[in-house]
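Peer 1: Following is a predicted model, sequence given first.
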Amino acid sequence: MGDQKRHKILMVSDFFYPNFGGVENHIYYLSQCLLKLSHKVVVLTHAYGNRSGLRYMTGGLKVYYIPWKPFLMQNTLPTFYGTLPIMDDSHSGKDNIGAWTSSLLNSPS
């Protein structure tokens, strides 16, 4: 990649492998292309059946399957509303989004 800056990218989606579809494929192939460009990519999605926790896919793609179950057509209410307390702890004067995403992106591969 030469002198270009390498980025740490967190993809968050209710739609990902093991299901197949347009969104799932787009996120997967976009992540693979970004990895080939030496960026660090992590996918965050909800659990699928017994698939939860950390998994690695082709090309070293790190996927976190958080243990939230979808409530309607793969959508999880916590994806939007439930992560707000995790990412913004404004009542304590701290901004946790940086620390939270940093811990996901900087954990050992």
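Peer 2: It's in. Numbering: from 1, shown residues only.

Peer 1: Dihedrals phi and psi, the closest residue to residue 48 other than its chain neighbours?
Peer 2: Nearest residue to residue 48 in three dimensions, chain neighbours excluded: residue 18, at 5.5 Å (CB to CB, 6 or more residues apart in numbering). Yep, even glycine has a C-beta here, placed from its N, CA and C like the rest. Phi and psi for residue 18, reported as degrees, to the nearest 10, are phi -90, psi 0.

Peer 1: do you know how far residue 18 is from residue 57?
Peer 2: 11 Å (CB to CB, to the nearest Å).

Peer 1: what's the overlap in contacts for these two?
Peer 2: Among the neighbours of residue 18, none is also in contact with residue 57 (CB atoms under 8 Å, 6 or more residues apart in numbering).

Peer 1: what about the two, which has more around it?
Peer 2: residue 57 (15 against 9; other CB atoms under 10 Å).

Peer 1: so that one bridges to which residues?
Peer 2: Beta-bridge pairing of residue 57 under DSSP bridges involves residue 61.

Peer 1: Just confirm it contacts residue 63, I think it does.
Peer 2: Yes - counting by CB atoms under 8 Å, residue 57 touches residue 63, with 5.9 Å between them.

Peer 1: buried ones in the longest helix belonging to the chain?
Peer 2: The helix spanning the most residues in the chain, taking DSSP state H as the definition, is helix 22-36. Within helix 22-36, the residues that count as buried by 16 or more other CB atoms under 10 Å are 24, 27, 28, 31, 34, 35.
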